[in-house]
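Visitor: need a 3D model of the sequence below.
(one chain, ligands or ions: 2)
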Amino acid sequence: MRKLLITGGAGFIGSHVVRRFVRRYPDYQIVNLDKLTYAGNLENLRDVENSPNYRFVRADILDSAFIHSFLRDEQFDGIIHLAAESHVDRSLENPADFALTNIVGTLNLLHAALTAWNGRMEGKRFYHISTDEVYGSLGSTGLFTESSLIDPRSPYSASKAGSDHFVSAYHHSYGLPTLISRCSNNYGPNHFPEKLIPLMIHNILQGKPLPVYGKGENVRDWLYVEDHAAAIDLIFHKGKTSEIYNIGGNNEWKNIDLVRLLCKIMDRKMKRPAGTSDQLITFVKDRLGHDLRYAIDSTKLKSELGWSPSVDFPTGLEKTVDWYFANKEWLDHVTSGAYRAYYDRMYTNR
Ligand code: NAD
Ligand code: DAU
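Guide: Ligands and ions are numbered 1, 2, ... in the order given. Take a look at the predicted model:
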């Protein structure tokens, strides 16, 4: 029996992690703590919400008093921390929110765990989910390794780097048993349609322009979200404390090539002539400080823990597109109301 806290479990990646743990570990007690910001959606977890080993708690990691008393009362064996503000474009609009949630929120959790565990660290684990973006941007060659320079360029990545440093500091200063992983771009079901792949699927379905930033030359390394969840499971159970693990798809795509591929898949699924969706592609003003290229070297995770991605990109993209076709109601719900106002503001003047 183990008692596990997952933060941010109502979000995109968090919901896949919660589902995996709830299904694979019936003898664990799994608590999902989430504030339910615009990005948190309990519809993502409908299929597991009544499981006897699962509980949801709505709370803000910035509420230090609550987080401290909750961790003290619950005495979790492990914490997997995903709660964060996660969208680069939003961080450019409102950097302070990112510093608060991602740095101060993480610090609250770290201190609450330290206090709750009160020196009894045996078997405990504080696992922080970070991102490859903390390494900054690559040129046209090379890969990020775990010892690459930390060189964040956006307010989002700066806030994630800040949280990583606090996690390491809590290990070195107080002996907290920590783990950090840094993953490349995820894609798959339940991805919020402010991010590239679901935004393009949504806009193609709506017949709206497909906003490609700059010339579409930027490169990202895409990994199917369930492969990230599998890596998190492995690192949580088998990773060495104080270590950092990179996770990547070994699957680099220029944005414009990826958007064209999606257009092709969508035209086929919508049974219309090839080239129809391509006409929606619109090159818009570039993202400020837009990182050119991310690419991850996952050798350490592969050789030490035996992980490898199980879903190839063509299969993963087909599954993803099929999920959005089958879940148009989900898409309607998340694109209504306040989100629409943000959406209009972001894209009308580009
Ligand atoms: P997401 O935006 O879909 O979900 C974030 C979740 O955190 C939401 O459910 C939200 O309600 C919750 N949350 C936000 N602020 C909170 C607060 N103050 N208190 C409690 N809950 C709060 O994000 P995601 O894409 O699923 O990313 C999850 C984590 O993985 C993040 O830490 C992110 O930095 C990291 N990551 C994401 C990717 C990616 O490609 N999406 C890649 C690598 C790492
Ligand atoms: O690398 C991991 C990171 O990947 C995570 O830490 C972040 O949480 C996650 O959001 C993601 O960041 P990116 O900025 O790479 O993802 P996004 O989907 O926002 O953008 C992917 C690329 O597509 C990027 O080069 C910007 C471009 N883009 C994005 C949008 C939303 C466009 O050209 N048009 C768009 O409308």
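Visitor: the helix or strand hosting Asn203 close to ligand 1?
Guide: Following DSSP states H and E, the helix or strand that holds Asn203 is helix 196-206. No: against ligand 1, helix 196-206 shows no contacts by CB under 6 Å from any ligand atom, the least distance being 9.8 Å. C-beta: built from backbone N, CA, C; applies to glycine.
Visitor: all helices for this protein, in order.
Guide: 12-24, 64-74, 88-93, 95-98, 105-117, 155-174, 196-206, 225-238, 255-269, 299-305, 313-326, 328-334, 338-348 (DSSP state H).
Visitor: which one of those has the lowest average pLDDT?
Guide: Ranked by mean pLDDT, those bottom out at helix 338-348, with a mean of 60.
Visitor: number of nearby residues for Thr7?
Guide: 27 (other CB atoms under 10 Å).
Visitor: I'd like the numbering to begin with 37 instead of 1 from here.
Guide: Got it, the first residue is 37 from now on, which makes the last one we talked about Thr43.
Visitor: which non-adjacent residue is nearest it?
Guide: Of all residues not flanking Thr43 in the chain, Ala119 sits nearest, at 3.8 Å (CB to CB, 6 or more residues apart in numbering).
Visitor: what sits against that neighbour?
Guide: Ala119 sits next to 43-44, 47, 50, 69-71, 97, 137, 141 when contact means CB atoms under 8 Å, 6 or more residues apart in numbering.
Visitor: make JSON lines from the helices of the chain and add mean neighbour count and distance to Tyr90 to it.
Guide: Written out in JSON lines, the entries for the helices of the chain read as follows (neighbours: other CB atoms under 10 Å; distance: least, CB to CB, whole Å):
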{"stretch": "helix 48-60", "mean neighbour count": "23", "distance to Tyr90": "5"}
{"stretch": "helix 100-110", "mean neighbour count": "16", "distance to Tyr90": "14"}
{"stretch": "helix 124-129", "mean neighbour count": "18", "distance to Tyr90": "29"}
{"stretch": "helix 131-134", "mean neighbour count": "17", "distance to Tyr90": "29"}
{"stretch": "helix 141-153", "mean neighbour count": "22", "distance to Tyr90": "20"}
{"stretch": "helix 191-210", "mean neighbour count": "20", "distance to Tyr90": "26"}
{"stretch": "helix 232-242", "mean neighbour count": "21", "distance to Tyr90": "25"}
{"stretch": "helix 261-274", "mean neighbour count": "21", "distance to Tyr90": "15"}
{"stretch": "helix 291-305", "mean neighbour count": "18", "distance to Tyr90": "33"}
{"stretch": "helix 335-341", "mean neighbour count": "16", "distance to Tyr90": "26"}
{"stretch": "helix 349-362", "mean neighbour count": "16", "distance to Tyr90": "22"}
{"stretch": "helix 364-370", "mean neighbour count": "14", "distance to Tyr90": "20"}
{"stretch": "helix 374-384", "mean neighbour count": "12", "distance to Tyr90": "27"}
